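# have a look at this fold, sequence not included:
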């Protein structure tokens, strides 16, 4: 399997995307080129590939950041914890209960009964994090999952968003799950994301990256105002 590409979406940030089967979920390893510290966002079902991506860059993870608690975004937590036992797990307060609940994280639907280690820190809307040399704003955008958060790096050039299953290229996350709601999701996208500069790069939980400007012009589900 080819080595994941290292992206340089902003001047001082590097991003490695590991797409995990069977749901084609995107895990991101994010770091500054002059630092050995990194963040892992949404570890999926192929944690060995995530570990390899970290090791090949001689990085040390500072935290696992979870956009939400669905199984395809948390499946690698336990394996990463085995490799780095003190690695903290951070998730939005409203989705923390999904980590050890196969019904809530939807793995029970596939007969997997997946559970994750508990969160070490619960995140709230409008919280600011300083991790691995990165400044990250947390914004809660429910509608796909009741406690879904997105991670915005507002000080980069251009700004970056790790959007989980909120906003995709010309699409949005599903809202037909038990705690989903389309009007809530659309309102959150407009409130928290569409005010960002058009050049802002969005790294979604599935599919290719996009920009805020592209979505405002071309997203058929949540067009820009």
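The structure has been received and is ready for your questions. Only a predicted model underlies this, so the values are computations on that prediction, with no experimental measurement involved. Numbers count the residues shown, from 1 in each chain.
# what about the chain, any weak spots by pLDDT?
The chain contains residues with pLDDT under 70 at 1-2, 225.
# where exactly do the helices run in it?
47-56, 71-74, 77-83, 182-192, 212-218 (DSSP state H).
# okay, those helices, which one's buried deepest?
With neighbours defined as mean count of other C-beta atoms under 10 Å, these peak in mean count at helix 71-74, which reaches a mean of 28. Quick note: C-beta positions are derived from backbone N, CA and C, even for glycine.
# can you add distance to residue 96 and give the helices of the chain back as TSV?
Output for the helices of the chain, formatted as TSV (distance: least, C-beta to C-beta, whole Å):
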stretch	distance to residue 96
helix 47-56	20
helix 71-74	11
helix 77-83	12
helix 182-192	19
helix 212-218	28
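# who's in contact with the nearest residue to residue 37 once chain neighbours are set aside?
Counting by C-beta to C-beta, 6 or more residues apart in numbering, residue 37 lies nearest to residue 132, which is 3.9 Å off, once chain neighbours are set aside. Residue 132 makes contacts with 30, 31, 32, 35, 37, 38, 39, 62, 63, as judged by C-beta atoms under 8 Å, 6 or more residues apart in numbering.
# of those residues, which is the nearest to residue 213?
Residue 213 lies nearest to residue 30 out of those, by C-beta to C-beta, at 21.9 Å.
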